[in-house]
Structures are given as C-alpha cells and as structure tokens.
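> Sequence and computational prediction follow.
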Amino acid sequence: EISDSMYEGENRLASVMEAGDRVLRTCDNPDSVRRQMDEMRADWSQLSKQVQQALTGLDKAATKLAEFGDLSGRLSGWLDDSERTLGQLTGSGQRFGEPTPEKREQYDRFKLPASVRMFSNKFRLKSLKNEVDRTEGDFDELQQLSDDLQAIGKQPDLDRQCKDLRYRYNQLKRSVGLKVEELGRAQQEQQAYQDGLQDCEKWILQASFRLMEQSCGQVPSLDEAQRAADAHAAACREIEEQRKVLDSVVRMGRKLAEDNNGNAELRQEIDGQLKTLEENYANLKETAENIK
C-alpha cells in the first residue's frame, strides 16, 4: 500500500512540476513560484527517504519475524524430543530407568546383563546433557530476535512464546543436571557393590582351595595333627569373620535393588548374584565343618 501511494504521489508531483513550468513562462514573479517548486521537491525527497527507511525496517522486521517463527518451531520440537528422551532414561520409580523397546531388543540380542544395560543410560544421559548445553545459544538467539521485534512494536504473543520456551529449557537443563549427578552417585554405589561381590567370590574360591589342601594333608604324627587342627580352626574363624563382609555386600545389593525397584531385570540379576553368593558361602562353611 505504501508503494502504491508513493507511485501515485510521484505522478502528482510530476503534474505539479509541469504546471509550475507553464506558470514560470507567463507569471510576473517567477522567483516565488520557483522557490515553492524547489521546496516541494525537497519535501518530496525527504518523504521518499523516510518511506524507504520505513520499508527497509519493515523488510527487516518481516525477516526477523520469519526467523523467530522458524527458530521457535525448531526449539519447541527439540524440547519435545529431549523431554521424551529424558523420561525414557529416567522412568518413574527407578533411578536408572527401563530401556526403550529398541534398546531392549539390542540388549536381548547380545545377551547383555542388566547392570551393563543400566549403565548404557549413563552415556545417553551425558550425551543429552551435552546437547542441552550446546542448544542454550539458540535460546539466546531467540531472545535477541524477540527483543528486536519488541523494539519495533509491542508483540506480547512473541514475548510470551519466547518466555515459555525458555522456561521449558531451564526446567529441562535443571532436570538433566540433577539426573547426571544422581547417576554419578548411583554408579559409585553400583561399582562398590560389584567390587565387594567380586572380592567375596574370590575369597570364597581361595578359601575352598585352602580347605581342599587341609583335607588332603597327611598327618603321620600327633604334633603335625595338632598343627593341622590349629590351622583349620584359624580357617574356620576366618570364615566366620568373613560373614560380616558378606553381609555388607548383601546390604549394598538389596539397597541397589530397592533404589531401582522399577527395573525388574536388575532386581533379578542382583537376586541371582546374592543367592549364588549365599549358597557358595554355605557350602564353604559346611565343608569346613565336615573337615573339622
């Protein structure tokens, strides 16, 4: 509309200038007419500059508005995907989350234990955190576009949309950060449990070898028999003392299972490990009693 009005104005100005030229040829005071014509040309030139500046500003505003729409749409979709991913990684009721159907299929195909599956979430969660950190600059850019558009004219809808997206981003960033910290603590607990479990299994195996040596030993004299009995008594005391260590590992395993009560596979794996540990210890103790 502005362009059409300017085109019409140019035609009218040309008509006035033609009329002025005719008047100059016949009037008694051409200087006054010429001055009026010069002033009109100057006014028109000034108006043209102002209109051009306004049109340029409108073009820039339209470009920024389009950029805002594209960026806000992309960020909204990214937030939807990221929030959904976070929910999959940290399902309700468990710290480590149930695997997605796609991940579960991969795990079953390669027969990976639940503990390994559980910690695959660690890398996915850290990857999500890195992506969240990298995307913060896009939200800053969106805010700058909103500020630029607000400077041209009040845009309450755009301002509200920008604030809503920023709020969702801040909530996502906070949740991801908390989950990463929580996962770090959980990983330490898991590692402590696995280390304790392996140490107990290793100790039981070594103790079994020692008992086998004692049961096969020859005792040709009473003194040697007494020494063998003393050594076996010491081994029995060590087995009793090891019960405290085993109980500590059992407590760690039970706590880990309770903290992840929504992860049935992990619970089953821990239950199986602790059952095997208890059975091996009971067999070791029974063997020691029989040798005694």
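Sure, I can see it.
> Other residues contacting stretch 124-133?
82, 85-86, 89-90, 169, 172-173, 176-177, 179-180, 183 (CB atoms under 8 Å, 6 or more residues apart in numbering). C-betas here are computed from N, CA, C, even on glycine.
> how about a cut-off of 10 Å?
78-79, 81-82, 85-86, 88-90, 96-97, 99-100, 103, 169, 172-177, 179-180, 182-184 (CB atoms under 10 Å, 6 or more residues apart in numbering).
> just stretch 166-179 next, same as before
Contact with stretch 166-179 is made by 75-76, 78-80, 82-83, 85-87, 89-90, 95, 97, 121, 125-126, 128-133, 135-136, 138-140, 142-143, 146, 186, as judged by CB under 10 Å, 6+ apart.
> Which positions in it come out as buried?
Using 16 or more other CB atoms under 10 Å as the test for burial, stretch 166-179 gives 166, 168, 169, 172, 173, 175, 176, 179.
> Let me know the average pLDDT across the host helix or strand of the last one.
In this case it means residue 179. Under the criterion of DSSP states H and E, residue 179 resides in helix 156-216. Model confidence over helix 156-216, given as mean pLDDT, is 91.
> And that helix, how far out from the chain middle?
16 Å (CA atoms, centre = their mean, to the nearest Å).
> same thing with stretch 241-252?
Put simply, stretch 241-252 sits 37 Å off its chain's centre (CA atoms, centre = their mean).
> Please point out which parts of it sit buried.
For stretch 241-252, a neighbour-count test (16+ other CB under 10 Å) marks 242, 246, 249, 250, 252 as buried.
> elements contacting the very next helix or strand once past the helix holding residue 179?
Going down the chain from helix 156-216, the next helix or strand is helix 222-259, by DSSP H and E. If you count contacts as 3 or more CB pairs under 10 Å, 6 or more residues apart in numbering; DSSP states H and E, helix 222-259 packs onto helix 156-216, helix 264-291.
> Now do helix 222-259: distance to the chain's middle.
Worked out by CA atoms, centre = their mean, helix 222-259 lies 45 Å from the chain centre.
> now swap in stretch 49-56 and tell me
Stretch 49-56 sits 46 Å away from the centroid of its parent chain (CA atoms, centre = their mean).
> now swap in stretch 150-167 and tell me
On CA atoms, centre = their mean, the centre of stretch 150-167 falls 26 Å from that of its chain.
> Please apply the same query to stretch 269-284.
For stretch 269-284, the distance to the chain centre is 37 Å (CA atoms, centre = their mean).
> likewise stretch 253-264?
23 Å.
> same deal with stretch 72-87?
11 Å.
> try stretch 25-38
Worked out by CA atoms, centre = their mean, stretch 25-38 lies 77 Å from the chain centre.
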